[in-house]
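Novice: Need a 3D model of the following:
(chains A and B)
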Amino acid sequence: MSGGSNPLADEIRQARKPRLDLSLPPRTDLPDQAVEERSRELGGRWKATTQIQAATEPEEPPAPLVSVRFDCPDYLDRAVSVKAAEQGVTKTFLILSALKTAGYEITDRDLVADRRKSKKR
Amino acid sequence: MAVISIASDKGGVSKTTIALLVGADAALDGYRACILDSDINQQAAAFGAKGKVPGLTVIPDVNESNILASLRQAEAEAEIVIVDLPGGASALALKAFHRSHFVLIPAQPSMPDVKAAMKTVAQIDDAQELAREPIDRALIWTRIMPGYESVPVRQVRGAVEESADVPIFRTALMERAAFRDIHISGLVPRQKDPNGGPAKNIAALTAELLESVAKLKVRAA
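Specialist: Predicted coordinates for the structure are as follows:
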């Protein structure tokens, strides 16, 4: 606090005023938690606004995709198709999940159950 | 130490102008004055950063999370603590009210301002419940044109002065270019023209406000 000395220049000094006694006792110091809860409750009656929340960090976009084509036995393709249909996910998701389980790094952001659905949004 | 909140449910009623001018005037009278700027626009903080009023401190970025701690610190260090509140009902305002000895409610003599002022009075009543103590308050007319009062303005002032259940300051804040200039120069009217009308207006307002607060001390004794 930069109060302290108050070097008043003569030209801004006004007519002498009585110095008032403003030494009021501070208000009762209630616990912060109680004040917090009660002021929110009272504020709710007035549809009071509360402080603006700090902006959250924007999410990183998903990694760019590349197309991979490979051959596999037809029974494996059928089994993956059936499981994908049962779970409502894509075959890509099941294959990527299996690769992740095998230890390959795939972020949750890039492991999307059905990318076609997120495109529609 | 006295805590004074400047509040209205509406913006643009001269809350920050009053906080700065009264805070600066009290500081120039030798009081240690501190303004807590909780308005999102941070105009008081910008004025304080220019730092041209000895004895006046402006604490920036006071918000709902830190107002109680900021108030405790200011109460310990200053003789006069002024809280410049943002417009609108808020939990922040309720927190400030419950630690205030006095709330000054600025209003232009117009229906929207008066309605907002009455809403603020009701919020102070709620805050009394929180404080478990009475919180004195008064309305002050602001941005009054010197030497002219239109019929609608006279009607609103007359109606409120007759019927409102809240004290009204004798001193009004006049509409003066010198009050807008403080944000450019960082100096208050008293520092530029101590005998001019704007400086005298603020001297009268500060005196009435501080006398109102000093009476609380007498009443409590």
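Novice: ok, B:Ile124 touching B:Phe97?
Specialist: Yes. Here B:Ile124 reaches B:Phe97: they are 5.6 Å apart, a contact under C-beta atoms under 8 Å. Heads up, the C-betas are built off the backbone N, CA and C, glycines and all.
Novice: ok, those two, which is more surrounded?
Specialist: More neighbours surround B:Phe97 than the other of B:Ile124 and B:Phe97, with 28 against 23 (other C-beta atoms under 10 Å in any protein chain shown).
Novice: ok, now which ones touch the more buried one?
Specialist: Residues in contact with B:Phe97, defined by C-beta atoms under 8 Å, 6 or more residues apart in numbering or on different chains, are B:Ser5, B:Ala7, B:Val103, B:Gln123, B:Ile124, B:Ala127, B:Leu130, B:Ala131, B:Ile135.
Novice: what about the last one, neighbour count?
Specialist: So that's B:Ile135. B:Ile135 is flanked by 20 other residues according to other C-beta under 10 Å.
Novice: anything in contact with each of B:Ile124 and B:Phe97?
Specialist: B:Ala7, B:Val103, B:Ile135.
Novice: Show me where chain B has its strands.
Specialist: Here chain B has its strands, by DSSP state E, at B:2-6, B:33-37, B:56-59, B:80-84, B:102-107, B:136-141.
Novice: Dump those strands to JSON lines, plus mean pLDDT.
Specialist: Below are the strands of chain B laid out as JSON lines (pLDDT from 0 to 100):
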{"stretch": "strand B:2-6", "mean pLDDT": "97"}
{"stretch": "strand B:33-37", "mean pLDDT": "98"}
{"stretch": "strand B:56-59", "mean pLDDT": "96"}
{"stretch": "strand B:80-84", "mean pLDDT": "98"}
{"stretch": "strand B:102-107", "mean pLDDT": "97"}
{"stretch": "strand B:136-141", "mean pLDDT": "97"}
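Novice: possible to save those as CSV with mean neighbour count?
Specialist: Output for the strands of chain B, formatted as CSV (neighbours: other C-beta atoms under 10 Å in any protein chain shown):
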stretch, mean neighbour count
strand B:2-6, 28
strand B:33-37, 29
strand B:56-59, 25
strand B:80-84, 29
strand B:102-107, 26
strand B:136-141, 21
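Novice: For those strands, could you give me TSV that also reports distance to B:Arg154?
Specialist: Shown next, in TSV, are those (distance: least, C-beta to C-beta, whole Å):
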stretch	distance to B:Arg154
strand B:2-6	25
strand B:33-37	33
strand B:56-59	36
strand B:80-84	30
strand B:102-107	15
strand B:136-141	12
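Novice: Including distance to chain A, could those go into a markdown table?
Specialist: A markdown table is the format used below for those (distance: least, C-beta to the nearest C-beta, whole Å):
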| stretch | distance to chain A |
| --- | --- |
| strand B:2-6 | 4 |
| strand B:33-37 | 7 |
| strand B:56-59 | 5 |
| strand B:80-84 | 6 |
| strand B:102-107 | 9 |
| strand B:136-141 | 11 |
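Novice: How about the contacts made by B:Ser185?
Specialist: Shown in contact with B:Ser185 (C-beta under 8 Å, 6+ apart): B:Lys52, B:Lys192.
Novice: next one: B:Pro134
Specialist: B:Gln128.
Novice: Please report phi then psi for it.
Specialist: With angles defined as degrees, to the nearest 10, B:Pro134 sits at phi -70, psi 140.
Novice: any idea of the pLDDT on it?
Specialist: Here, the pLDDT recorded for B:Pro134 equals 92.
Novice: what about the closest residue in space to A:Asp32 that isn't next to it in sequence, neighbour count?
Specialist: Spatially, and ignoring its direct neighbours in sequence, A:Asp32 is nearest to B:Leu68 (5.4 Å; C-beta to C-beta, 6 or more residues apart in numbering or on different chains). Using other C-beta under 10 Å, B:Leu68 is surrounded by 20 other residues.
Novice: thought B:Leu68 was touching B:Lys95?
Specialist: Yes. Contact criterion C-beta under 8 Å: B:Leu68 and B:Lys95 qualify, at 6.1 Å.
Novice: Need the overlap of contacts for those two.
Specialist: Residues touching both B:Leu68 and B:Lys95 by C-beta under 8 Å, 6+ apart: A:Val35.
Novice: measure the residue lying farthest from the centre of chain B to chain A for me?
Specialist: Distance from the centre of chain B peaks at B:Val151, with 26.8 Å (C-alpha atoms, centre = their mean). B:Val151 sits 33 Å away from chain A, going by C-beta to the nearest C-beta, to the nearest Å.
Novice: Specify the local secondary structure of A:Val68.
Specialist: coil (DSSP: H, G, I helix; E, B strand; the rest coil).
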